[in-house]
Each structure stands twice: as structure tokens, then as C-alpha cells.
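Asker: Take a look and give me a structure for this.
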Amino acid sequence: MDDSKQKNGLLFSVFDFIEAAVFSLVCVAILFTFVFRTVSVDGGSMTPTLSNADRLILTHLFYTPRRGDIVVISRLETKEEPLIKRVIAVAGDTVQITADGKVYLNGELLEEPYISVKTPAFGATDPITIEEGYIFVMGDNRTVSKDSRLLGPIPVSKVMGKAVFRLWPAFGGIYAE
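Answerer: Residues are numbered from 1 along each chain as shown. Purely as a prediction, here's the structure:
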């Protein structure tokens, strides 16, 4: 009788393990469907903050873009990879890039310790005031970045979420500012 009790106990332990594993997988699937997403960095436009092929976790639930955030922007209409950029300005802000490549936000020089190369101006720009529902984004590696300097302000509706964590290859947080 002790032998059958041990087999039943072992069988219940196996079922408990399977139940816990299935429950865990369902929870992870729900989290990654409704709260988090994973994306891969494609290119060097965010160097030195992010590198090509870094894997990131982003969150989009109840998210509103803020200055300094690193965001992922959808480009589904062109079937291109999403853009990963830093938010420079939000609705109501005024941005100007001078002929010498300096970025001014609301009339003040923007301190940008995260960039390694001075911002190419692509010609001096007139001040741009960002309209409601839009953001102005730029890559940290301005010499190779396709961003709001070329694309103009980005609709907030195109923002897939904020990058919050690096999974691969360097496991850890992303320091946006």
C-alpha cells in the first residue's frame, strides 16, 4: 500500500509541476501581449546608448511619450523595421537646430550627454513648434540617424512604446538621460 501511495504522490507532483508550468506560460503570454513587447535594434542610429542587434523590452500600457525617453516607432505602412529614437520634444515644445548643429529646446541649449558626435544640422532649421499629438525624435548617433530632421514630427499614434530594458547582449536597464 505504501508503494501505491508513493506512486500517487509522485503522479500528483508531476501534475502540479505541469499545471504550474502551463499557468506560468499563460501569464508570460498575457504580459507580452498586453503590457510588454520585445524588439531588436536595427542599425547604429542609437549608438552609443544602444547597439545594432540589441534586444529590448518595451512597454506600451498607459504610456505617454516624455522628453528623453527612448521610443519605438512603427513603420507598418512601409513594411520597414520600426525606428528606435529618443524623444527630444513633445506637444507645445519648440525645437531649433542651428547651423553649427546645436539643438535648442524652448529657446535653451539642450544638454545631450548621450550623444558622441555633434548633431549634423542638414542646414539650419527654423524653430518648429510641435503640435498636439506629435513628438520630435532624434537618434543618439546623429550622423546616421533617420529621424524628425528628415521625417518631421512623428504622430504619437505611431509610438509602439518606451524601451525600458535591454535583454541581449548586455542584460540590464536602459539609461535614457
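Asker: before we move on, what SS does residue 96 have?
Answerer: Here residue 96 is recorded as strand under DSSP: H, G, I helix; E, B strand; the rest coil.
Asker: Begin at 501, not 1, for the rest of this chat.
Answerer: Okay, using 501 as the starting number, the last item reads as residue 596.
Asker: Let me know the pLDDT of it.
Answerer: Per-residue pLDDT puts residue 596 at 93.
Asker: now do residue 501
Answerer: On the pLDDT scale, residue 501 gets 49.
Asker: List the contacts of the closest residue to residue 634 other than its chain neighbours.
Answerer: Nearest residue to residue 634 in three dimensions, chain neighbours excluded: residue 653, at 3.8 Å (C-beta to C-beta, 6 or more residues apart in numbering). The C-beta positions use only the backbone N, C-alpha and C, and glycine is treated the same way. Counting by C-beta atoms under 8 Å, 6 or more residues apart in numbering, residue 653 makes contact with 628, 630-631, 634-636.
Asker: just residue 557 next, same as before
Answerer: For residue 557, the contact set (C-beta under 8 Å, 6+ apart) comprises 536-538, 663-667.
Asker: Give me the phi and psi angles of residue 522.
Answerer: Phi and psi for residue 522, reported as degrees, to the nearest 10, are phi -60, psi -40.
Asker: Measure how buried it is and give me the count.
Answerer: By other C-beta atoms under 10 Å, the residues close to residue 522 number 10.
Asker: Verify the contact between residue 537 and residue 555 for me.
Answerer: No - using C-beta atoms under 8 Å as the test, residue 537 is too far from residue 555 to be in contact (11.1 Å).
Asker: higher neighbour count, these two?
Answerer: residue 537 (17 against 14).
Asker: helix, strand or coil for that one?
Answerer: With three-state DSSP as the basis, residue 537 sits in strand.
Asker: Now it. Nearest residue, chain neighbours left out?
Answerer: Distance criterion C-beta to C-beta, 6+ apart; nearest residue to residue 537, sequence neighbours excluded, is residue 558 at 5.3 Å.
Asker: Surely that neighbour forms part of a strand?
Answerer: Yes - applying three-state DSSP, one finds residue 558 inside a strand.
Asker: wouldn't it be in contact with residue 541 here?
Answerer: No - counting by C-beta under 8 Å, residue 558 stays clear of residue 541, with 11.4 Å between them.
Asker: Tell me how many other residues crowd the residue nearest to residue 537.
Answerer: Residue neighbour count, defined by other C-beta under 10 Å, stands at 22 for residue 558.
Asker: For it, give its distance to residue 674.
Answerer: 10 Å (C-beta to C-beta, to the nearest Å).
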